[in-house]
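Q: here is a sequence together with a model predicted from it:
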Amino acid sequence: MTSPSSAGQAPAVPAMLSRDYLLMFAGLFAFMMNLSLFFLLPYFLELRGVSKGYYGAVAGTIGLAGMATLALAGRFGDHFRRKVSVNLLMTPGLAGSLLAWWAADQDPAWYFLVRACHGVSLALAFPLIFTWAVDISPSSRRTEAVAYLGIAGLIANSLGVVLGESLVAAQGLGNRPEAYRLVFLAAALLATAAQMFFLLVRSKGGKNEEAGSGGGLLELLAGTQPRLVLAVTLCFGGVFGVVTSFGKNYTMALGLTVAGTIYMAHTTGALFSRAFIRPLMHRVPPGRLIRLGLGGLGLSQLLLAGAAGYPLLAASGLVYGLSHGVLYPMLNVRFFSMFSTARLGRAAILYMGAFTAGTGLFPLLGGLLLEWSGFRVLFASAALLALVALILNQRVTHGADELPTSSPADPLA
């Protein structure tokens, strides 16, 4: 992997204050704000008169398209400089958001294509953004680079929903589908801004100089331990997908109106756990942190299943956020630690691919489940999924329960 200094870039000042890192943060924030506005898409489709199974299938398309993209192109994750890869792979997501704005009063089937375009960018561009941040960060700060960059997405996950609901309310149209055209326009503008931010990054990032000699994603799955971590990540992504795909519809079914309550609480909890992730890492074994995070996922879904008003919606979001804030970077770093730096691009894509697959498969199944049951059964099933992840995690031994040997150590170093 090419370091910033060897690539002729600016020396590593505190990584989180460098110009390029801040541009990546802004780009990721705009990209995720764009995507989080589509947490409202299933409710928009419900207003258009489609069935639960239909809007569940649309919601799941982002993850299923991500899986297909991963299978077709994931092996090229280390072939090109990060700047080239990220900017090329962001364009389908931008096209999808522009299409969503155009299709607001067209056949709802267009939204399968919208979410498929988003899936391409989420599956490949998103993980490479984090790998790009690792490229420009000192080896002793890599976990922080991943964790703090992720804050951009965590904030966006709630602010996007709040922005979308505010745009709908400001038009005074009530619960009418035409009010969502402005939401999709905002998404397209944010996707455009994200592309501009990434184009302004000076560092080209690293690549695998031996990428042309062969090797793809399958070689990263040769051992039992990587497969187990990916299985846990798949379940984790499934819980995330259920919450984000059906949170708005559930809120409205309860006779409430502000789904942002769940997501704002989610962000609050996640930011709190991210803020203290470094001291946590050096006091609590990684395996225990991951177990606590998975247990928190299950608890959050049980709280959501029992909700009747805003207090339990907020409590569920807070518990989920506290868990997600720790779990995503810890699982990510554990998976990274199993590979050499020359394979980190593909490892990042594979990790995100497992998470994205969960966000596609389980909302699809969740929509079908809703056809014959109800939301409470759906969220109780998501709690069971977290329990499955916890059981699978018990078999992971790589980097499971050892503490770092020195204060500045990093599992990626």
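A: Nice, I can see it. Residues are numbered from 1 along each chain as shown.
Q: ranges for the helices of the stretch 1-150 of the chain?
A: 19-36, 41-47, 52-73, 82-102, 110-120, 126-135, 142-170 (DSSP state H, counting those that start in this stretch).
Q: can you list phi and psi of residue 320 for me?
A: phi -60, psi -50 (degrees, to the nearest 10).
Q: what is the neighbour count of it?
A: By the measure other C-beta atoms under 10 Å, the count of residues near residue 320 is 27. (C-beta placed from N, C-alpha, C; glycine too.)
Q: contact partners for it?
A: 239, 243, 265-266, 269, 296-297, 300-301 (C-beta atoms under 8 Å, 6 or more residues apart in numbering).
Q: re the thing from before, distance to residue 305 and mean neighbour count for the helices of the stretch 1-150 of the chain - can I get that in a markdown table?
A: What follows is the helices of the stretch 1-150 of the chain, written out as a markdown table (distance: least, C-beta to C-beta, whole Å; neighbours: other C-beta atoms under 10 Å):
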| stretch | distance to residue 305 | mean neighbour count |
| --- | --- | --- |
| helix 19-36 | 23 | 23 |
| helix 41-47 | 18 | 23 |
| helix 52-73 | 17 | 22 |
| helix 82-102 | 30 | 21 |
| helix 110-120 | 26 | 23 |
| helix 126-135 | 29 | 27 |
| helix 142-170 | 20 | 21 |
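Q: for the ones you listed, which one sits closest to residue 361?
A: Proximity to residue 361 (C-beta to C-beta) singles out helix 52-73 among the helices of the stretch 1-150 of the chain, at 6.2 Å.
Q: can you report how many residues neighbour residue 324?
A: 27.
Q: now do the SS call for it.
A: Three-state call for residue 324 (DSSP: H, G, I helix; E, B strand; the rest coil): helix.
Q: going forward, count from 49.
A: Sure thing, new numbering starts at 49, so read that last one as residue 372.
Q: check contacts around it.
A: 202, 288, 314, 317-318, 321, 341, 345 are the contacts of residue 372 under C-beta under 8 Å, 6+ apart.
Q: swap the cut-off to 6 Å and go again
A: residue 318 (C-beta atoms under 6 Å, 6 or more residues apart in numbering).
Q: repeat for the one 5 residues further on
A: By C-beta under 6 Å, 6+ apart, the residues touching residue 377 are 194-195.
Q: next, it: phi, psi?
A: phi -70, psi -30.
Q: next one: it from residue 318, what distance?
A: Going from residue 377 to residue 318 by C-beta to C-beta, to the nearest Å gives 10 Å.
Q: could you do residue 356 as well?
A: Residue 356 is 25 Å from residue 318, by C-beta to C-beta.
Q: who has more neighbours, these two?
A: Neighbour count, other C-beta under 10 Å: between residue 356 and residue 318, residue 318 has more, with 28 against 10.
Q: which stretches of the stretch 199-348 of the chain form helices?
A: 229-248, 272-301, 308-323, 325-329, 334-353.
Q: wait, which of those is closest to residue 106?
A: That would be helix 272-301 among the helices of the stretch 199-348 of the chain, by C-beta to C-beta, at 9.0 Å.
Q: who are the packing partners of the closest one?
A: helix 89-95, helix 358-384, helix 392-420, helix 423-441 (3 or more C-beta pairs under 6 Å, 6 or more residues apart in numbering; DSSP states H and E).
Q: which of these sits closest to residue 154?
A: Using C-beta to C-beta, the nearest of the helices and strands packed on helix 272-301 to residue 154 is helix 89-95, at 12.3 Å.
Q: no more questions from me, cheers.
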